[in-house]
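Colleague: Fold the following.
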Amino acid sequence: MNRPAMPDPTPIVRLTTAFWDSQALLTASRLKLFDQLAGDPKSPEQVAAALGLDARMTDLLMRVLVALGLLEVRDGGFVNSASANAFLVSSSPAYMGGAMRYSDQLYGTWGRLEDALRSGQPALSAEAYLGDDAERTRTFVYAMHGRAMGIARVLVEVLDLRGRKSMLDVGGGPGTYSILLTQRHPGLHSDVLELPGVAAVAREIVAAAGAGDRVSLRDGDYHGSEFGTGYDVVLMSGMFHRETAASCRRLIEKARACLVPGGLLIVSDVFADEGRCSPPFAALFGLNMALTAPDGTVHADADVAGWLRDAGFSDVGVRPLPPPMPHRVVTGHLS
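Modeller: Here you go, the predicted model:
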């Protein structure tokens, strides 16, 4: 009798060391190692001397980065790959280092996953990066700004806000979406409702972008603060992953109450497929949010679309942003 073939253990073995890859990248990015290799080839000794590192350890790290496709060996030295030059050199307009810093800070938090599973509580207090710790809040807001810049540039191409005049950006973080959307649509003004500690940093970002005449910051907690009235657009981006289903429904009702007839509600986030087991990034993202927020989770876009319909929105649509963005956009119009 033939025994069934044993499954291949390779994927499991690979998962046991997956954090090796990410720590090699995140550490090299934190050290600005890729800045050193943006020009002519350099030896590990040269890079180590410039960064104040041990030469032997630097040599090992750089060879790992070659294996990961981030560096190349050339003329007896090392240089960045094309992707590293585009996304990991701090002078590049497409630099992702700021956005990656948030992931870097979460390394220790994920190490406490078992504690969170036993206690049911986040491993990292949300207050630590939403106002209580000024430096960590500043780092978080700027990291979100860096990440949002990439997402928002795609989002402005997807959304049609022609003719819209007033937008409420609920929980708008650094104000990045408002900055780019009002830039794309002259005549559109946006109010960003955000917690005081976050809003203080966002004001710096808005001012630096020269957007102070079209983007205003309003201190408040979107759970308890009034949304106001008379808006023809409400944007809720990157919020629902911090909220229960019941809370999301309440926020949709608050959005409905502040919109004029014909108003548009936009909900953008990392959403999962029905059943919330796929795609893998969305499922992992939900667990990451549970580690960093009391009600952190991931919702299915089909559920969110249903909540909008239940609240009286029509022409409800779901649209994924193009790869590599993991985000999806749910929209609905108020009759």
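Colleague: now what about stretch 42-49, what contacts it?
Modeller: With contact meaning Cβ atoms under 8 Å, 6 or more residues apart in numbering, stretch 42-49 is reached by 33, 36-37, 53-55, 57-59, 62, 76-79. Bear in mind the C-beta positions are built from the backbone N, C-alpha and C, glycine included.
Colleague: Buried ones among those?
Modeller: Using 16 or more other Cβ atoms under 10 Å as the burial test, the contacts of stretch 42-49 include 33, 36, 37, 53, 58, 59, 62, 77, 78, 79 as buried.
Colleague: mind checking which helix or strand the fifth one is in?
Modeller: Think residue 58. helix 55-67 (DSSP states H and E).
Colleague: Equivalent analysis for the last one, please.
Modeller: With the criterion set as DSSP H and E, the secondary-structure element containing residue 79 is strand 77-80.
Colleague: that older thread, let me have the contacts of stretch 42-49 in CSV, adding pLDDT and distance to residue 110 as columns.
Modeller: As requested, these are exported to CSV (pLDDT from 0 to 100; distance: Cβ to Cβ, whole Å):
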residue, pLDDT, distance to residue 110
33, 98, 23
36, 98, 28
37, 98, 29
53, 98, 25
54, 98, 26
55, 98, 30
57, 98, 24
58, 98, 26
59, 98, 28
62, 98, 25
76, 92, 38
77, 97, 35
78, 98, 30
79, 98, 32
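Colleague: nearest to residue 101, of those residues?
Modeller: Checking the contacts of stretch 42-49 against residue 101 by Cβ to Cβ gives residue 33 as the nearest, at 14.7 Å.
Colleague: returning to that earlier point: and the buried ones among the contacts of stretch 42-49, which two are the farthest apart?
Modeller: So, the buried ones among the contacts of stretch 42-49 by Cβ to Cβ: farthest apart are 53 and 79, at 18.0 Å.
Colleague: I'd assumed residue 33 was in contact with residue 89.
Modeller: No. Residue 89 is beyond contact range of residue 33, at 10.2 Å (criterion: Cβ atoms under 8 Å).
Colleague: helix, strand or coil for the spatially most central residue of the chain?
Modeller: The centroid of the chain falls nearest to residue 147 when counting by Cα atoms, centre = their mean (5.2 Å). With DSSP: H, G, I helix; E, B strand; the rest coil as the basis, residue 147 sits in helix.
Colleague: please begin residue numbering at 11 from this point
Modeller: Taking 11 as the first residue, the last one we looked at is residue 157.
Colleague: any idea how far it lies from residue 260?
Modeller: Per Cβ to Cβ, to the nearest Å, residue 157 is found 27 Å from residue 260.
Colleague: again with residue 43
Modeller: 46 Å.
Colleague: cool, residue 51 as well?
Modeller: 58 Å.
Colleague: ok, now residue 21?
Modeller: 41 Å.
Colleague: higher neighbour count, the two?
Modeller: The neighbour comparison of residue 21 against residue 260 (other Cβ atoms under 10 Å) goes to residue 260, with 14 against 8.
Colleague: Only alpha carbons, please: show the helix or strand hosting the more buried one as PDB.
Modeller: Residue 260 is part of helix 255-268, with elements assigned from DSSP H and E. Only the C-alpha atoms of helix 255-268 are listed here, as PDB (Å, rounded to 0.1, in the frame of the first residue of the first chain):
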ATOM      1  CA  ALA A 255     -18.000  46.800  13.300                       C
ATOM      2  CA  ALA A 256     -20.500  48.700  15.600                       C
ATOM      3  CA  SER A 257     -18.100  51.700  15.800                       C
ATOM      4  CA  CYS A 258     -17.700  51.700  12.000                       C
ATOM      5  CA  ARG A 259     -21.500  51.800  11.600                       C
ATOM      6  CA  ARG A 260     -21.700  54.800  14.100                       C
ATOM      7  CA  LEU A 261     -19.000  56.700  12.200                       C
ATOM      8  CA  ILE A 262     -20.800  56.100   8.900                       C
ATOM      9  CA  GLU A 263     -24.000  57.500  10.500                       C
ATOM     10  CA  LYS A 264     -22.100  60.600  11.700                       C
ATOM     11  CA  ALA A 265     -20.700  61.100   8.200                       C
ATOM     12  CA  ARG A 266     -24.200  60.800   6.700                       C
ATOM     13  CA  ALA A 267     -25.500  63.500   9.100                       C
ATOM     14  CA  CYS A 268     -22.800  66.000   8.100                       C
END
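Colleague: For that helix, the averaged confidence score.
Modeller: On average, the pLDDT along helix 255-268 is 98.
Colleague: Buried residues of that helix, list them for me.
Modeller: Neighbour-count burial for helix 255-268, with 16+ other Cβ under 10 Å as criterion, is recorded at 258, 259, 261, 262, 264, 265, 266, 268.
Colleague: thought the third one was touching residue 249?
Modeller: Yes. Proximity of residue 261 to residue 249 meets the contact threshold set by Cβ under 8 Å, at 7.2 Å.
Colleague: Overlap in contacts, the two.
Modeller: Contacts common to residue 261 and residue 249, judged by Cβ under 8 Å, 6+ apart, are 180, 232.
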